[in-house]
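> predicted model follows, preceded by the sequence.
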Amino acid sequence: MSSPAPIEALVEELKAAFAAERKRGEALDYVSQSGESFQRLDAAVRGAVDRFLVAPGGGFAAAAPYLNFNDTHYTRNLVAENEDFELMVLCWGKGQGSRVHNHARSHGWVTALAGRVEETRYNNPRDGLHDYSAPTSPREGPAPPPALPGVLAATAPCPELQELGKVVGGPGALLYINDGIGLHAVRCADDTNLEEGAVTLHLYAPPVRRVFLYEPEEDRVVQRVPGLYSRGGVRCQ
Ligand SMILES: N[C@@H](CS(=O)O)C(=O)O
């Protein structure tokens, strides 16, 4: 019997790691999961990603079906999902980046597959506010939302954000974030060494269904359902 493709092997390893924690009765999100359970899961994720990166045909080579660059924005390309996690490949053109955002109750692991990306972290004004309808301040009120797919609502003002730090990384550097750690924005690094820009692999657990996008320049915060550019290698309509 032939062995599974590296990306399939990665998905199977992840499924097993999450199933093992579920079997122990653990809630699999950063808010409810015990510290011990998270440490086991984090080690399992890091091990599985490391094996994927060095496997013959793994890493960037395995991302070929999910490589979609767009002229105006970065793209989100779903590899696999279930109720515990979603795994996706993001393609960042030069100069492209995400807005400052949160990750709801999810754990977020990010590693570069090719090129280099820059991550900037900020404080989370909603730290501890897991209720999406809870205001961050008495001044908060509805604001006109932007006309973009998936937008649910917007509020103003945009809370003041403090930059906590910046890192730049290439293949092999694995980042982890959750809403307790802070918000972040990611962009293709100016010194990237991939002609097209950069390609990253993201694991969110559980899948992120709703995010806050912080827009200081518009003085608003937008709530949005994250969209997909492709799913299983097939372009979404
Ligand atoms: N969380 C972002 C990518 S990044 O900026 O980490 C997304 O999934 O679109």
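The structure has been received and is ready for your questions. Numbers count the residues shown, from 1 in each chain.
> contact residues of this protein facing the ligand?
Contact residues, the chain versus the ligand (C-beta under 6 Å from any ligand atom): 76, 90, 98, 101, 110, 186, 202, 226. No exception for glycine: its C-beta is placed from N, CA and C like everyone else's.
> looking at these, which are in strands?
76, 90, 101, 110, 186, 202 (DSSP state E).
> that older thread, right, and out of the residues of the chain next to the ligand, which lies closest to residue 176?
residue 110 (7.8 Å; C-beta to C-beta).
> give me the neighbour count for the nearest residue to the closest one once chain neighbours are set aside.
Using C-beta to C-beta, 6 or more residues apart in numbering and skipping the chain neighbours, the partner closest in space to residue 110 is residue 175 (4.5 Å). For residue 175, the neighbour count with other C-beta atoms under 10 Å is 18.
> give me the secondary structure label for residue 41.
helix (DSSP: H, G, I helix; E, B strand; the rest coil).
> determine the number of other residues adjacent to it.
By other C-beta under 10 Å, the residues close to residue 41 number 23.
> how close does it get to the ligand?
Distance of residue 41 to the ligand, given as C-beta to the nearest ligand atom, to the nearest Å: 19 Å.
> kindly report the same for residue 125.
For residue 125 relative to the ligand (C-beta to the nearest ligand atom), the value is 17 Å.
> next one: residue 158
18 Å.
> could you do residue 181 as well?
13 Å.
> check what pLDDT that residue gets.
Per-residue pLDDT puts residue 181 at 96.
> next one: residue 136
So residue 136 comes in at 82 (pLDDT).
> how about residue 178?
The predicted local confidence for residue 178 is 97.
> one step back: can I get the ones in strands among the residues of the chain next to the ligand in a markdown table including pLDDT, distance to residue 145 and neighbour count?
A markdown table is the format used below for these (pLDDT from 0 to 100; distance: C-beta to C-beta, whole Å; neighbours: other C-beta atoms under 10 Å):
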| residue | pLDDT | distance to residue 145 | neighbour count |
| --- | --- | --- | --- |
| 76 | 98 | 20 | 21 |
| 90 | 98 | 24 | 24 |
| 101 | 98 | 15 | 20 |
| 110 | 98 | 27 | 20 |
| 186 | 98 | 23 | 25 |
| 202 | 98 | 25 | 20 |
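> pick the one among those closest to the ligand.
Checking these against the ligand by C-beta to the nearest ligand atom gives residue 186 as the nearest, at 3.4 Å.
> against which helices or strands is the helix or strand of the chain with the lowest mean pLDDT packed?
None of the helices or strands of the chain scores lower by mean pLDDT, DSSP states H and E than strand 141-142, at a mean of 94. Contact partners of strand 141-142 among helices and strands, from 3 or more C-beta pairs under 8 Å, 6 or more residues apart in numbering; DSSP states H and E: strand 151-156.
> for the strand it packs on, what is the distance to the chain centroid?
Counting by C-alpha atoms, centre = their mean, to the nearest Å, strand 151-156 is centred 21 Å from the centre of its parent chain.
> following element in sequence after it, please.
strand 163-169 (DSSP states H and E).
> and that following strand, which strands flank it?
If you go by DSSP bridges, strand 163-169 pairs up with strand 117-122 (antiparallel).
> contacts for the partner strand, please.
92, 97, 100, 110, 161-169, 175, 177, 181-190, 192, 198, 200, 214 (C-beta atoms under 8 Å, 6 or more residues apart in numbering).
> distance from the chain centre to that strand, please.
The answer for strand 117-122 is 12 Å, by C-alpha atoms, centre = their mean.
> please renumber the chain so that the first residue is 10 from this point on.
Okay, using 10 as the starting number, the last item reads as strand 126-131.
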